[in-house]
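Trainee: Coordinates only, no sequence provided:
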């Protein structure tokens with residue numbers, strides 16, 4: 001009996017050892033099969049952030065914050081236009097040249113007139129000097145005559161000379177006084193002449209400056225820093241005052257005008273920050289500001305124009321680009337992926353046919369509304385495959401996710417993924433965790 005128990009125990013242990021060896025051999029063979037399994041072709045997309053449901057997106061077209069038409073300020077033939085559409089110019093930069101031959105001659109004539117007026121001033125100043133010298137001579141003669149008259153009056157009192165001699169001396173003194181007064185008036189007259197000549201010089205200098213200013217208009221400069229939007233005239237054209245030469249746009253900021261329904265306009269306010277996306281830069285976020293809300297709505301469409309301004313510090317944005325504006329307020333965006341990503345992981349999105357037949361057998365109701373009512377807001381779990389490993393030899397990693405509402409062929413991911421994760425949306429075969437894959441040509445890349 002004891003020998004029988006010993007043999008039975010040995011047989012049991014032998015069976016267990018054989019079973020373990022068999023299981024280890026099976027696992028090793030599965031790992032080897034997985035290593036030898038060819039890479040499966042897959043389509044890959046990137047998990048992106050999308051606006052919450054109910055948040056409308058409005059489209060508009062970019063335009064420079066302001067446009068300036070550069071015009072000719074005088075008549076002349078356009079000799080040179082050295083900018084073209086798309087060129088960037090700085091404030092004050094010379095962009096065109098008009099023929100200035102006539103104006104150059106006018107400036108020379110004005111300068112000659114100034115020189116002539118200055119010569120007249122010099123002559124008048126010389127006349128003032130001569131008149132003042134004459135005054136001094138007349139003053140000396142007057143003093144001498146006055147002294148002689150006083151002396152003769154004294155001699156008449158002493159009886160040394162006759163009264164007739166004293167009267168003669170007094171007459172001479174009065175005549176000298178009149179000559180002095182005349183010389184002083186001549187000085188005043190010459191000084192007035194100098195003043196008038198100086199005024200004529202100033203007037204002629206003003207004419208010269210005016211002509212020089214007009215001559216400077218023959219060089220057409222940029223009034224702002226910006227980009228050439230349109231080249232209106234061409235070299236050789238005869239321009240008149242007010243004719244357009246080029247059109248410039250200021251792209252330090254860009255504006256986007258979107259049409260908002262009068263039912264939604266209450267959500268928009270001045271200086272409100274908004275999210276703006278551009279198809280040109282799909283992975284970059286921009287923040288704009290509501291600058292103007294038009295007081296006039298379209299009487300037919302009932303849409304109100306709203307102007308949004310977006311800073312353009314890097315000068316990336318241009319004119320005519322499609323902009324998508326969302327008045328998101330404080331709502332956060334959510335991760336959204338294609339529904340086919342769950343199908344690639346083996347979870348069907350559409351309800352089974354039996355369920356559809358069952359619904360058809362029920363009383364007539366709106367199946368779409370019932371499905372939305374039952375599904376909306378209820379989180380569910382699923383599996384998606386995320387690309388991982390060496391970019392040259394990518395593999396897939398099965399990841400559990402919680403997802404919510406579905407709309408427009410996409411599903412909102414509540415947890416399990418982050419923005420930028422690369423996920424499999426279509427697969428050429430059944431995937432398992434750790435499988436090697438080969439990315440298709442239409443796969444998205446970061």
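Mentor: Perfect, thanks for sending it. These numbers come from a predicted model, not from an experiment.

Trainee: List the buried residues in stretch 199-213.
Mentor: 200, 201, 204, 205, 207, 208, 211 (16 or more other CB atoms under 10 Å). From N, CA and C alone the C-beta is placed, and that goes for glycine too.

Trainee: residues touching the last one, list them.
Mentor: Under the criterion of CB atoms under 8 Å, 6 or more residues apart in numbering, the contact partners of residue 211 comprise 103, 106, 107, 110.

Trainee: what bridges to residue 221?
Mentor: residue 94 (DSSP bridges).

Trainee: sorry, that was for residue 305
Mentor: Beta-bridge partners, per DSSP bridges, of residue 305: residue 259.

Trainee: Now that it has come up, it's in contact with residue 290, right?
Mentor: No: with contact defined as CB atoms under 8 Å, residue 305 does not reach residue 290; the gap is 11.4 Å.

Trainee: which stretches of this protein have low pLDDT?
Mentor: 1-37, 51-55, 328-333, 344-378, 446 (pLDDT under 70).

Trainee: Count the residues that sit near residue 166.
Mentor: Residue 166 has 20 neighbours, counted by other CB atoms under 10 Å.

Trainee: That one - that's part of a strand, no?
Mentor: No: assignment of residue 166 by DSSP: H, G, I helix; E, B strand; the rest coil gives helix, placing it outside any strand.

Trainee: State the distance from it to residue 158.
Mentor: 11 Å (CB to CB, to the nearest Å).

Trainee: more crowded one of residue 305 and residue 290?
Mentor: Ranked by neighbour count (other CB under 10 Å), residue 305 and residue 290 place residue 290 first, with 19 against 16.

Trainee: Let me see the residues that make contact with whichever helix or strand residue 228 is part of.
Mentor: Using DSSP states H and E, residue 228 maps to strand 226-231. Contact partners of strand 226-231, identified using CB under 8 Å, 6+ apart, comprise 64, 67-68, 81, 83-89, 246-251, 318-319.

Trainee: Identify the residues contacting the nearest residue to residue 232 once chain neighbours are set aside.
Mentor: Distance criterion CB to CB, 6 or more residues apart in numbering; nearest residue to residue 232, sequence neighbours excluded, is residue 244 at 4.4 Å. Counting by CB under 8 Å, 6+ apart, residue 244 touches 69, 70, 71, 232, 233.

Trainee: Inside strands: which ones of the contacts of strand 226-231?
Mentor: Secondary structure defined by DSSP state E assigns 64, 67, 68, 81, 88, 89, 246, 247, 248, 249, 250, 251 of these to strands.

Trainee: Which one (most neighbours) among the residues you listed?
Mentor: Busiest of those [other CB under 10 Å] is residue 248, holding 26 neighbours.

Trainee: Can you tell me the closest non-neighbouring residue to that residue?
Mentor: residue 226 (4.4 Å).

Trainee: Now do the helices in the stretch 101-250 of the chain.
Mentor: In the stretch 101-250 of the chain, the helices defined using DSSP state H, counting those that start in this stretch lie at 101-158, 163-216.

Trainee: Minimum distance to residue 301: which of the ones you listed has it?
Mentor: Checking the helices of the stretch 101-250 of the chain against residue 301 by CB to CB gives helix 163-216 as the closest, at 49.8 Å.

Trainee: roughly how far out does the closest one sit from the chain middle?
Mentor: 64 Å (CA atoms, centre = their mean, to the nearest Å).
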